[in-house]
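Chemist: Fold the stuff below for me.
(3 chains)
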Amino acid sequence: MIEKDPKKVIKKIKKLYGNSKDLNTRLIKTKNKNIGVLFLESSSNASTISDFITKSIIQEANDKPLFQTIFNNIENKIYNSQLFTIDNIKDFPYYLSSGFTIIVTDDSSKAIVLESRANLDRGITEATSEPALRSSKDSFTESHSKNLGLIRKRIKDENLWFEEMKIGRRTKTRVTIAYMNNIADYNKVKKIKAKLKDIDIDGILDSGNLRDYLTEKKSIIPQIKSSERPDITCQELLNGKIIILTENCPFILILPTVFLDYIKSPDDQNQKSINASFTRILRFCALIITLLTPAIYIAVATYDQNTIPDKLLISLAVQREGVPFPTFFEIILFMTVFEILRESDIRSPSNTSIAGSIVGALVLGQAAVDASIVSPITIIVVAVTSICSLIFQDSDFINGIRVWRFLFILSSSLLGFIGIISMSLIFITKLTALEYLNSSFTSPLAPLDIEANKDAIVKFELPKIYKRPSYVSKNNPIKQRSKR
Amino acid sequence: MKNINSFQYNTFIWFILRAGFLELTLTSILYNVKEDSYIAAIIGTILGIIPLFILEYLKNKCPKDNLITLNKKLFKSRLINIIILIGSLIINVATFWILIHFANSLFLYKTSLWIISLVLIIPIYYTSSKGMHVIAKVSQLLFYISVILNVLIMTGLTGEINLNNINPIMRSKPDKLLLSSVLFTALNTSKLFFLSIIPKNKITNYNSKKNIIAYILTCVNLIDITLSIICIFGIDLTLLYEYPAFQILKRVNILGVLDRLETILSVEAILSLFINLTIITYYIDSIIKKEIKKISKYSLPLICTFTYIFSNILFKTYQSGEAFISNQMIYIFVIICIIIPLITLFKFIKNPKIVKK
Amino acid sequence: MKKYILILLLLLSGCQNYSELNQLAIVTAAGIDKDKGKYEVSVLIANSPKVNSSNKEGEAKTTVYKAKGKTIGEAIKMIELKSPKELYFSHINCIIISDEIGKEGFLKVADYFMRNPETRNRFYLLQIDKGKSSDVLKIISPLESYPSQSIKTLIESSQTSSNIGDSASYSNFIGKTIQKGYDPIMTTIKINGDKDKGSKQSNLETTEPNTYLSMGPIAIYKNDKFKRLSSNKETELIRVLNNENKELNYSFKYKEKNVNMFSNMTKTSIKLIDKNFISVDIYIKGDIFETDSNVNLNDYKEVYKINKKWQKNIKKDVKKLIDKIKHKWKCDIFGFGNMVYKKYPDYYKNFKLDKINVNVKVKTEIISTGSLTKAIKEDK
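Modeler: Down below sits the predicted model:
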């Protein structure tokens, strides 16, 4: 209910906002009737309000049913904005903060709500965290409606459904679940919705916050991939996956994600399939390298020296002469140094990062070897490991791999190859035990799905992929009909 | 229990047949029949179809039950299942002993068995605690690795084979030949019995034909390994080594560039033993959960501790262990894995109605 | 929670196999001598760092340690006491024994190296022609950047002409020794020049090295006991019969002038025809390499005649060699007995090496006479 006295309403709202200066209120008197106009200066566009709204109110505010007149006036004059009425004062803060103008009058217990949003978003820019050579250049922004638009623009089917809900007691963040109605598994959508509804927190500011609520089983490697590219998003939508968009966050969540999704790159869809397959195999090797190289090096250098060829072993042994630390410690030390370098490189402004890399490369690399704090091979191992880890774009994934790499280092420094074998069996078990909404994390390799393997490690030519991956959704499996 | 698919089931067959063959069975067979080992393996393959058929018959006739529930329905007493429990525990200990001794003599010859076995029991405990569908998926992933390693070994060894070494043919006495082939069946094929824990309706696209093909392919692979060992070393040198199957890995040389691969290639043997051990552990675990409900909460840690301790104190040297397993323990294998399923089978044929209730 | 307990358990376990690379003394060669009834073992350690560190990887100095003991193991234990680092046998390339060890029986010595879990079974086994085996280890080769690898390189580089690598390998020797009806052979190594000068760094600095190593004749064994050395010509033929020679250089007289034949393909197959009958087929394909006779090589009849002569000479030599093996040496180095055993295992008891008939067939083929049609001579 809204009181029929604009004065009181304005007073009440002002009190609610604690007399914040950006709350702009107007009390317009025409004859003996009062019209109250409320908007937040910070989030609405002042010129729209003064040019159109106030004018239209003042001009023709003399007829009898004031409320209806204003509503009709605005409806007839201002076309490209949302316009509706609300009848609860509790909704005021949400609309005010979203940049709406609220008009209250004496003769109605309703309020007119009119969109006068200020443009607080940046424009659509190139994707920075997932660069690609041969793909569309746009990326999601902080604007929710723009993001939805970027998806709609690509999929013009009416079966692309958006379901919106507001999460966060204070932030009231708009979260949209997007899916293809007749492709996506509806049970999964229902489960995700139920999970999102259960969230009762004061604020959700980023899609990363939602990740924790959606995860089913604990794991270091994330089971939900995030992306800022609309083209990947639409590709996944067409495969039957479910997308979660969050307001004010350019990163969307893709559900369910399997392990092999992390080795795919945005370019893969648009390249020659042989080249795409080759790079995927390369990435897969890089994954194994970045996971295991330091561990294997430690195992080989301290337990199973017999695996190294003669000449290499001799030169390695000579290089290590005079190094005071055990190999295990050397590796850990330099892995840490590298991680610090990487972190400082991300956090520091771009003009200081050059100095950082010079210090990192020259001082820590060359000088440490010359001072025989580490052997050169350690530097090589750490460098190879780190370069391979930089191939992957999802930062959570890299960090997850980092933890496992550390576990592998630990196990191999204790028991050499047997330690590595033991740890990798645990690793494989952990990966296979992960399941998200009934789709196994290691599919399509285990359980084997030959049809889905056409776009897994190896990518077939597009005309040969007929079916959608069955581990995502079993509805509507035909992706492409063969003309023959 | 979630469903597994038939391909995963076939990878179980692959791994179970391989487990322990290279480490133990092959050595005993070579010792008994020398050059004719591959003939023993071929006869063993044919003999092994018998336990396979028992298994397939029981699976097809009672698709809802695994062997434990079937026994419970048929006999109405715990006795048979308790015998299976004890026997499986002993088999588990023996298999685990093979694994740790192998790791000890090939990787960490100075380290004590207690530490090695501790490290190796952890993944077995962890994986078998996750349930059959996870074991199946792990097995499937490891199968790819196993096949790749096998292909590498075979390509790396083709240059070394000297076919002249299989002569003279059929020098050994027929009774010894038969004994060796029984050894092959009893120590390897019979362990397929542990797959009876998975009832048929839990396997999608279950097909007996596929299983037999998987069985035969695996056996062909094993015969191939036997042949290539004899062909490469000649019988005299083969008998000299403790693990001839891994001495040949030292000769693997791929394209003349990749050398010294034996450590990486011998991982393959650990994988099969690992899968076998997780299946047996899971099997024992489910018997305990069915029959001795008091300790069902702690059954898995108990099994692992039991295996851990007994595998370390049972045998001191490889030779004593090998002799004990292939001379005495073989009866346990035969009783648990062949005779008990046969008893169940006969009982079932006499009154099949009990099961259907 | 479960996982963290597991990881903790992993952490608690320690390991005795741990050793850092710079704690290892990498042994790449070992020499075994007999001295006053005791074994004298010397090992070549590859990774001692250079004194004036040039900071270039791979350029390591080598060191030789020596010790005596009643058994091999005892002697190696003694070396470990002397060396500041732990001896590591996994990368051993070759073992050199003296002829005294060979005469006493090699299998006693072999046991240690076969039993050691570290050693690979693919290393070379050599016998020294004359002198002590420890001297061979000391010789520094001028052309090898890894001095510890010089013996291995020597063996492997001679593989272009002859495939010694196989017959010199350790497992091959042991395999032949323990097989029925086989007597092994062993390749020998020779020190040329002054052995004392060769062990000094100055050997590297002269343009013409004072001392160098080379491959010697073949040592013939009876079971595992050294019997005798072969002559140079016999060595080549033994390698041809063992299918180890790829290149054969053969000179003979034709019309009282020298002809030198060079063949780059020889192939021998030894087959058992009957219990007492073995046929040896040799096929040689080659070129006329050098001649000083004035035979017109454009004439195919002459070439044919030269070929016949070549064939006849080789056949004669091979027959002589086999006769020598059968009656004089009595060592079954080609495994005739083994062949009989494989085909007629029951008859093998009655097998005697000097009773067996060997039929030698040689087929030669001249494929080219080189770029010249006749010898260069003043035909004025």
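Chemist: rest of the way, CA atoms for contacts and neighbours
Modeler: Fine.
Chemist: Next to chain C in this structure, residues from the stretch 101-250 of chain B, please.
Modeler: B:105-106, B:108-112, B:115, B:118-119, B:122, B:167-168, B:233-234, B:236-237, B:247, B:250 (C-alpha under 8 Å from any C-alpha of the partner chain).
Chemist: let's go with 6 Å and repeat that
Modeler: Contacts of the stretch 101-250 of chain B with chain C, taken as C-alpha under 6 Å from any C-alpha of the partner chain, map to B:110-111, B:167-168, B:237.
Chemist: Format those residues as TSV; extra columns: distance to C:Thr63 and neighbour count.
Modeler: Shown next, in TSV, are those (distance: C-alpha to C-alpha, whole Å; neighbours: other C-alpha atoms under 10 Å in any protein chain shown):
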residue	distance to C:Thr63	neighbour count
B:Lys110	27	12
B:Thr111	30	18
B:Asn167	47	20
B:Pro168	48	18
B:Leu237	34	20
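Chemist: dump the residue contacts of A:Ser139.
Modeler: A:126-127, A:228-229 (C-alpha atoms under 6 Å, 6 or more residues apart in numbering or on different chains).
Chemist: what's the answer for A:Asp185, then?
Modeler: A:Asp185 is in contact with A:Ser473, counting by C-alpha under 6 Å, 6+ apart.
Chemist: Count the residues that sit near whatever residue of the stretch 251-400 of chain A ends up closest to chain B.
Modeler: Among the residues of the stretch 251-400 of chain A, A:Thr307 lies closest to chain B, at 5.3 Å counting by C-alpha to the nearest C-alpha. Neighbours of A:Thr307 under the rule other C-alpha atoms under 10 Å in any protein chain shown: 19.
Chemist: mind giving me the domain ranges of chain A?
Modeler: A:6-115, A:144-257, A:269-439 (automatic domain parsing).
Chemist: Nearest to C:Gly193, out of these?
Modeler: The closest of the domains of chain A to C:Gly193 is domain A:269-439. By C-alpha to C-alpha, the value is 27.9 Å.
Chemist: just to revisit the earlier point, got a pLDDT number for the nearest residue to the residue of the stretch 251-400 of chain A closest to chain B once chain neighbours are set aside?
Modeler: Nearest residue to A:Thr307, sequence neighbours excluded (C-alpha to C-alpha, 6 or more residues apart in numbering or on different chains): B:Arg260, at 5.3 Å. Here, the pLDDT recorded for B:Arg260 equals 77.
Chemist: now do C:Lys374
Modeler: pLDDT, read off for C:Lys374, is 67.
Chemist: ok, now how distant is B:Phe193 from B:Lys72?
Modeler: 17 Å (C-alpha to C-alpha, to the nearest Å).
Chemist: I'd say the residue nearest to A:Thr307 and A:Gln305 touch.
Modeler: No: the criterion here is C-alpha atoms under 6 Å, and B:Arg260 misses it with A:Gln305 at 10.3 Å.
Chemist: who's more crowded, the two?
Modeler: Between B:Arg260 and A:Gln305, A:Gln305 has the larger neighbour count (other C-alpha under 10 Å), namely 23 against 20.
Chemist: what about the chain, any weak spots by pLDDT?
Modeler: No chain in the question, so chain A it is. Counting by pLDDT under 70, chain A shows low-confidence ranges at A:57-64, A:80, A:483-484.
Chemist: Hmm, no, I was thinking of chain C.
Modeler: In chain C (pLDDT under 70), the answer is C:1-15, C:49-60, C:121, C:142, C:145, C:158-167, C:201, C:204, C:373-375, C:377-380.
Chemist: Write out the residues of the stretch 301-450 of chain A neighbouring chain C.
Modeler: Checking the stretch 301-450 of chain A against chain C by C-alpha under 6 Å from any C-alpha, the hits are A:302-303, A:306, A:314-315, A:317-318, A:320-321.
Chemist: Would you mind giving the residues you listed as TSV with distance to A:Pro447 and secondary structure added?
Modeler: Converted to TSV, these look like this (distance: C-alpha to C-alpha, whole Å; DSSP: H, G, I helix; E, B strand; the rest coil):
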residue	distance to A:Pro447	secondary structure
A:Thr302	37	helix
A:Tyr303	35	coil
A:Asn306	37	helix
A:Ile314	45	helix
A:Ser315	45	helix
A:Ala317	45	helix
A:Val318	48	helix
A:Arg320	45	helix
A:Glu321	49	coil
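Chemist: May I ask which of these has the most neighbours?
Modeler: Using other C-alpha under 10 Å as the neighbour test, those are led by A:Ile314, with 29 neighbours.
Chemist: Which residue is the nearest non-sequential neighbour of C:Tyr344?
Modeler: According to C-alpha to C-alpha, 6+ apart, the nearest residue to C:Tyr344 is C:Lys275 (7.2 Å).
Chemist: Look up phi and psi at the one you found.
Modeler: Dihedral pair for C:Lys275: phi -60, psi -30, per degrees, to the nearest 10.
Chemist: Report how many residues lie close to it.
Modeler: Neighbours around C:Lys275, by other C-alpha under 10 Å: 17.
Chemist: Please apply the same query to A:Ala111.
Modeler: 26.
Chemist: contacting residues around it?
Modeler: A:85-86, A:103-104.
Chemist: Could I get the full set of strands for the stretch 51-200 of chain C?
Modeler: C:61-69, C:86-88, C:94-97, C:124-128, C:185-192 (DSSP state E, counting those that start in this stretch).
Chemist: Kindly export the first one (C-alpha atoms) in CSV.
Modeler: C-alpha atoms of strand C:61-69 as CSV (Å, rounded to 0.1, in the frame of the first residue of the first chain):
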residue,chain,number,x,y,z
LYS,C,61,86.5,-35.4,-15.7
THR,C,62,86.7,-39.0,-15.0
THR,C,63,88.3,-40.8,-12.1
VAL,C,64,89.4,-44.4,-11.7
TYR,C,65,89.2,-46.1,-8.3
LYS,C,66,90.7,-49.5,-7.7
ALA,C,67,90.4,-52.0,-4.9
LYS,C,68,91.1,-55.7,-4.1
GLY,C,69,88.9,-58.3,-2.5
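Chemist: From the contact counts, what lies against that strand?
Modeler: If you count contacts as 3 or more C-alpha pairs under 6 Å, 6 or more residues apart in numbering or on different chains; DSSP states H and E, strand C:61-69 packs onto strand C:38-48, helix C:72-82.
Chemist: got it, and the fourth one?
Modeler: Under the contact criterion of 3+ C-alpha pairs under 6 Å, 6+ apart, strand C:124-128 touches strand C:94-97, strand C:185-192.
Chemist: Out of those strands, the one nearest chain A is which?
Modeler: Of all the helices and strands packed on strand C:124-128, it is strand C:94-97 that lies closest to chain A, at 12.4 Å by C-alpha to the nearest C-alpha.
Chemist: Among B:Phe193 and B:Lys72, which residue is more densely surrounded?
Modeler: B:Phe193 (21 against 17).
Chemist: how many other residues sit next to the closest residue to the more buried one other than its chain neighbours?
Modeler: Nearest non-adjacent residue to B:Phe193, counting by C-alpha to C-alpha, 6+ apart: B:Cys337, 5.4 Å away. Neighbourhood size, B:Cys337 [other C-alpha under 10 Å]: 24.
Chemist: Pretty sure B:Cys337 sits against B:Leu192.
Modeler: No: using C-alpha under 6 Å, B:Cys337 is not in contact with B:Leu192, being 7.9 Å away.
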